[in-house]
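Chemist: Quick one: sequence and predicted model below, then my questions.
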Amino acid sequence: MRLKITGLNPLSGLVKIGGAKNAALKVMAASLLAGGSCRLMGIPKITDVNTMADVLRGLGATVDFQQDSSILIDPSGVNKLEPPEESVIKMRASIQVMGPLLARFGYVRTRQPGGCDIGPRPIDLHLKGFSALGAEIKKEHGYISAKASKLKGTEILLDVPSVGATENIMTAACLAEGITVLRNAAREPEIIDEQNFLNRLGANIKGAGTDTIKIEGVRELKATEYTIIPDRIEAATFMLAIAVAGGEALIENVIVEHQQALIAKLRETGMELIEGDNYVIVGRPVEKRLKATNIRTLPYPGFPTDVQPQFVAAMSLAEGTSEIIEGVFPLRFKYTEELTRMGAKATVDGKLAIITGVPGLHGIKLEAPDLRGGAALVLAALAGEGVTELKGLKHIDRGYEDLPGKLRLLGASIERTGIRKELQAG
Ligand code: UD1
């Protein structure tokens, strides 16, 4: 399947943001700890959620997607302690079941997750955390196992504030004996969401959102209902769609606090912004070019690495030169090769990209290299003269709930094509 985008249509209207991918996947994994069936609301309709559902089903849990877009997860049938290999290959977040399985069943085994297109992605910090809690870690022939008859609370200091390691250790420590103090923890909002979910199950966790999280182990957890927070990366992508294409939009279901790094930068570029209680209004008159500005991606509350590619798409059209430093994933500039083919001026040297803005881009045939790089190319195509055909839509569908449909509602000329061809190809 491909996307066909005809550029140079300014956007206007209202768009509603869905639930956060990176919270939904972790809360789904954490529901393995529940003492009964949990109802999760605000789960986005994205393929990564389907993959996590496959992981949970592969372990023996029941996962039911409901008519009202909630999902029911019942972990009482879990009878396998190894996430399906094909899911681990497809989606790295599959390894977030490790903490819950280890906590509840005292054992987990997984294929070593690979690196990916944005750079090496080790899990040493996850494993160091499990080991500090008393698990015995074994690595053989590309598989990793962790085993413990009873985990024991302890002090853990993360070498870098990894989001996944913070969450995996937090879930592992929930049922441990005694208190775990996790220092230099990541502070991303999705970690607060996971803490809130786990506490609703009966866990005793404090401090998520700060760099020190204290987890007091409890004997067992119960079931609950929970609504996932809105997706800050989806919201940021739409704010940047307006920056790129021009026009004005009200973006609804936004936790404005989560957007502060982007809002500050967009103000530097001359964008007009109004911050509401659960919305933002963003605007740029089409005839007014953005001003170039620099960013450096950092762990939260710094500028999010997941918004770097979309921001670069905007800077490729700004007046002046921007320096973009990628401080989280060193190889996250792959998409700039495609952007350059559209007429952007970008030079990349390791973690640094220098973007010299051009007045316009042109539509061509492109391929999305990864999820956020793909979103950046969609945005660039909105400002491209003529037609862009984008392959690799599967990357975008992993993390965006119908990005083309939502952009179309704002007035973009964008459609999916080639379904028949795909089906014929099998
Ligand atoms: C999560 C997000 C991803 C986001 C990233 C950073 C999910 C599903 N994904 O990924 O969208 O871009 O946070 O905000 O929530 N590291 C180690 N050892 C480890 C773990 C990580 O060295 O054991 C390093 C990584 O190589 C990277 C940095 O820590 O350089 C941050 O990675 P991490 O925060 O763990 O990202 P993820 O949790 O994989």
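Modeler: Looks like it arrived, so ask away.
Chemist: any idea how far residue 362 is from residue 325?
Modeler: To residue 362, residue 325 is 28 Å away according to CB to CB, to the nearest Å. Yep, even glycine has a C-beta here, placed from its N, CA and C like the rest.
Chemist: swap in residue 37?
Modeler: 53 Å.
Chemist: now do residue 373
Modeler: Using CB to CB, one gets 19 Å for the distance from residue 373 to residue 362.
Chemist: Neighbour count for these two, which is higher?
Modeler: The residue with more neighbours, out of residue 373 and residue 362, is residue 373; 28 against 15, by other CB atoms under 10 Å.
Chemist: Am I right that the more buried one is in a strand?
Modeler: No: counting by DSSP: H, G, I helix; E, B strand; the rest coil, residue 373 is not part of a strand but helix.
Chemist: Helices along the stretch 201-350 of the chain, start to end?
Modeler: Assigned by DSSP state H, counting those that start in this stretch, the helices in the stretch 201-350 of the chain fall at 232-245, 260-268, 308-315, 336-341.
Chemist: Turn these into a markdown table, columns for mean neighbour count and distance to the ligand.
Modeler: Output for these, formatted as a markdown table (neighbours: other CB atoms under 10 Å; distance: least, CB to the nearest ligand atom, whole Å):
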| stretch | mean neighbour count | distance to the ligand |
| --- | --- | --- |
| helix 232-245 | 27 | 7 |
| helix 260-268 | 17 | 12 |
| helix 308-315 | 29 | 9 |
| helix 336-341 | 19 | 17 |
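Chemist: Between the ones you listed, which one is closest to residue 124.
Modeler: Nearest to residue 124, of all the helices of the stretch 201-350 of the chain, is helix 308-315, at 24.0 Å by CB to CB.
Chemist: Could you list every helix and strand in contact with the closest one?
Modeler: On a contact count with 3 or more CB pairs under 8 Å, 6 or more residues apart in numbering; DSSP states H and E, helix 308-315 meets helix 232-245, strand 321-325, helix 336-341, strand 352-356, helix 371-382.
Chemist: switch to 6 Å and redo it
Modeler: For helix 308-315, the contact count by 3 or more CB pairs under 6 Å, 6 or more residues apart in numbering; DSSP states H and E identifies helix 232-245, helix 371-382 as packing neighbours.
Chemist: Please tabulate those in CSV, including the columns distance to residue 176 and mean pLDDT.
Modeler: What follows is those, written out as CSV (distance: least, CB to CB, whole Å; pLDDT from 0 to 100):
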stretch, distance to residue 176, mean pLDDT
helix 232-245, 30, 98
helix 371-382, 34, 98
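Chemist: quick one, which of those is nearest to residue 415?
Modeler: Nearest to residue 415, of the helices and strands packed on helix 308-315 and by CB to CB, is helix 371-382 at 12.1 Å.
Chemist: Next, the buried residues of the closest one.
Modeler: Neighbour-count burial for helix 371-382 flags 371, 372, 373, 374, 375, 376, 377, 378, 379, 380, 381, 382 (criterion: 16 or more other CB atoms under 10 Å).
Chemist: Okay then, goodbye and thanks.
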